[in-house]
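1. Give me a model of this one.
(one chain, ligands or ions: 2)
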Amino acid sequence: MATPRKNEKKTDAVKAASSEPDLGFTGESSWQYEPSLEGTDHLRFEKKYELFIGGRWVAPKSKKYFPTINPATEEPIAEVAEANAEDVDAAVRSARTAYDKIWSKLRPAERAKYLYRIARAMQEKARDLAIVETMDGGKPIKESRDFDVPTASAHFFYHAGWADKLDLAFHGRPYRPLGVAGQIIPWNFPLLMAAWKIAPALACGNTVVLKPAETTPLTALLLAKIFEEIELPPGVVNIVTGAGATGAALVAHSDVNKIAFTGSTDVGKRIQGAIAGSGKRLTLELGGKAANIVFADAPLDQAVEGIVNGIFFNQGHVCCAGSRLLVEESVHDLVVRKLRDRIATMRVGNPLDKNTDLGAINSKMQLEKIRGLVAAGEAEGAERWSSPCALPKKGFFFPPTFFTNVAQASRIAHEEIFGPVLSILTFRTPDEAVEKANNTMYGLSAGVWTDKGSKSFWMAQRLQAGVVWANTFNKFDPSSPFGGYKESGFGREGGRQGLSSYVEVG
Ligand code: NAP
Ligand code: MG
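-> Ligands and ions are numbered 1, 2, ... in the order given. As a prediction, this is how the structure comes out:
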């Protein structure tokens, strides 16, 4: 017999709804994996990382540095320069000079060569990039190794291909680059977000000042070392590390032509307000509260894998995470039972272990936010189930968790938790599924699980989401545009559509 777990109300309905025999699976691992740690001894971190401006490493005029820590151990990795408004000004001036004197004058095929070189150098350094991404941000090594780094280099390859074919991109209309792009990125996919931003900007002939997130600056700085190594002309990309004030200084700078921002809806709104009337172009990639919709006719075991991938990938630190599960009422209990047993097998722990499924939460602040919203869910009467897995004593960890009996109006059904926490709701008809899925201020992504292709298309036409996955979730490709509806932002990244964010079309 399955043993009841913490917080679990074992109802007869759960058993009764299942046509499958209860095999007495307890969820405890039937075997323990031996540790399989990725080696880090060969890595040499610098004690202090400076700003990358004009192709050189320069000390910040602010004279300030901040520590970046490993969220799995809470130990500092290095000190990183904090750019103030003067430093940001130096970076923008260097990007302007590089734009005027070099990058805008370069033949497109020459720009392409640089992008190919960056992509190839990223492949050569893939292992170190993955390890540093995992140490600085907490994500499992198997994700940074198999997803973040290869997808990031794929973005450079893809945009290298476009650089000398832009004549074909805008239906034959003339185009010109915008100039200097100020780019601000979050901590959940630090290297990948840098690639999403830098690759199309450079391909289209712009120069860049990039501000990584305070908690995850290191892979952007390693990328700067790649720029040095492949001899990207000085000033074409400048990296200014720091916190929110550094980003705000970049937004406020009068000589920036375009701001590309990925982050929270709150900060996105503030940025939009700050640049109103300035003539700066803007794209915003903001938050999400995606619905993963499972019909009774779906291949349910496959759907369970998709739900798990949708919400627990990268500890749920994913803007397009399938954080709301809408399941057809007739299969609710069965899906919940399958999900519970599947989640109980997931390994949470050292992100550098190749068997780890869920690594560390990115920061203490984010862990507190997750805890707060989970407590709100319990207080509002939803039923919580958390995996009984053991958590490491040090570091910021949270067990994979889901809520059943979630009221539509509750905070956990509306607010972005940005952690490994799933809210489960039910529906009876496709119309009701659409209505509930769209009942959010966000509109970044959605998933539909059904055996009927016609039903997927019917749903996709009605879901207000930038991306709709059918019988899969969280799949990305550089050729596929990504972006939001409603308060998830505007503009697209990736694909031909993403290029238009970096040019003025005549
Ligand atoms: P955030 O607080 O909005 O921060 C994003 C970036 O903006 C960081 O580099 C941050 O710096 C900087 N920043 C903060 N205040 C600023 C200001 N006033 N002016 C200019 N820049 C400022 O978001 P986050 O908590 O790091 O990231 C999580 C959020 O990003 C979630 O809401 C998630 O959904 C969203 N996200 C969306 C996408 C997408 O493609 N739609 C992708 C990934 C993440 P510091 O962090 O250094 O303070
Ligand atoms: Mg860090």
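2. Dump stretch 286-305 to CSV, restricted to CA.
-> What follows is stretch 286-305, C-alpha atoms only, in CSV (Å, rounded to 0.1, in the frame of the first residue of the first chain):
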residue,chain,number,x,y,z
LEU,A,286,8.0,39.8,-18.8
GLY,A,287,6.3,37.3,-16.4
GLY,A,288,3.9,34.5,-17.0
LYS,A,289,1.4,32.2,-15.4
ALA,A,290,1.0,29.6,-18.1
ALA,A,291,-1.8,27.0,-18.2
ASN,A,292,-0.9,23.5,-19.1
ILE,A,293,-4.2,22.0,-20.2
VAL,A,294,-4.7,18.2,-20.0
PHE,A,295,-7.8,16.7,-21.7
ALA,A,296,-9.0,13.2,-20.7
ASP,A,297,-8.2,11.9,-24.1
ALA,A,298,-4.5,12.8,-23.8
PRO,A,299,-1.8,10.2,-23.4
LEU,A,300,-1.7,10.7,-19.7
ASP,A,301,1.7,9.3,-18.8
GLN,A,302,3.3,11.5,-21.5
ALA,A,303,1.3,14.4,-20.2
VAL,A,304,2.6,13.8,-16.7
GLU,A,305,6.2,14.0,-18.1
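3. So what's the gap between it and the chain middle?
-> 19 Å (CA atoms, centre = their mean, to the nearest Å).
4. List the buried residues for it?
-> Buried residues in stretch 286-305, counted by 16 or more other CB atoms under 10 Å: 286-296, 298, 300, 303-304. Quick note: C-beta positions are derived from backbone N, CA and C, even for glycine.
5. Repeat that for stretch 468-475.
-> In stretch 468-475, counting by 16+ other CB under 10 Å, buried: 468-471, 473-474.
6. end to end, how far does stretch 179-198 reach?
-> 13 Å (CA to CA, to the nearest Å).
7. How about it and ligand 2, touching?
-> No. Interface with ligand 2: stretch 179-198 contributes nothing (CB under 5 Å from the ion), its closest point being 7.7 Å away.
8. And that stretch, how far out from the chain middle?
-> So, by CA atoms, centre = their mean, the centroid of stretch 179-198 is 11 Å from its chain's centroid.
9. Stretch 206-220 now?
-> The answer for stretch 206-220 is 14 Å, by CA atoms, centre = their mean.
10. Is it in proximity to ligand 1?
-> Yes. With CB under 6 Å from any ligand atom as the measure, stretch 206-220 is seen reaching ligand 1 through 211, 213-214.
11. Output the residues you listed as TSV; include the columns neighbour count.
-> Formatted as TSV, these follow (neighbours: other CB atoms under 10 Å):
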residue	neighbour count
211	28
213	26
214	18
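12. Looking at these, which are in helices?
-> The helices, defined by DSSP state H, take in nothing from the residues of stretch 206-220 next to ligand 1.
13. Looking at those residues, which one is closest to ligand 1?
-> Proximity of the residues of stretch 206-220 next to ligand 1 to ligand 1 (CB to the nearest ligand atom) peaks at residue 214, which lies at 3.0 Å.
14. What average pLDDT does the host helix or strand of residue 110 get?
-> Taking DSSP states H and E as the definition, residue 110 sits inside helix 108-124. Mean pLDDT, helix 108-124: 98.
15. With adjacent residues omitted, what lies nearest to residue 235?
-> Once flanking residues are discounted, residue 235 sits nearest to residue 98: 3.1 Å by CB to CB, 6 or more residues apart in numbering.
16. For ligand 1, see how far away that neighbour is.
-> Separation of residue 98 from ligand 1 (CB to the nearest ligand atom, to the nearest Å): 23 Å.
17. and what of residue 143?
-> Taking CB to the nearest ligand atom, one finds residue 143 at 15 Å from ligand 1.
18. Output the below-cut-off pLDDT ranges for this structure.
-> Along the chain, segments meeting pLDDT under 70 span 1-31.
19. what residues does it put near ligand 2?
-> 68, 136, 215.
20. Give the buried residues for whatever helix or strand the residue nearest to residue 235 lives in.
-> Element membership for residue 98, per DSSP H and E: helix 85-101. Neighbour-count burial for helix 85-101 flags 85, 87-99 (criterion: 16+ other CB under 10 Å).
21. part of a strand, is residue 293?
-> Yes. According to DSSP: H, G, I helix; E, B strand; the rest coil, residue 293 belongs to a strand.
22. Please name the residues that touch it.
-> Contacts for residue 293 (CB atoms under 8 Å, 6 or more residues apart in numbering) come out as 326-327, 427, 433, 437, 446-449, 459.
23. Adding secondary structure, neighbour count and distance to residue 201, write those residues out as CSV.
-> Formatted as CSV, these follow (DSSP: H, G, I helix; E, B strand; the rest coil; neighbours: other CB atoms under 10 Å; distance: CB to CB, whole Å):
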residue, secondary structure, neighbour count, distance to residue 201
326, strand, 24, 37
327, strand, 28, 41
427, strand, 21, 42
433, helix, 26, 38
437, helix, 27, 33
446, strand, 30, 29
447, strand, 32, 30
448, strand, 28, 33
449, strand, 30, 36
459, helix, 22, 34
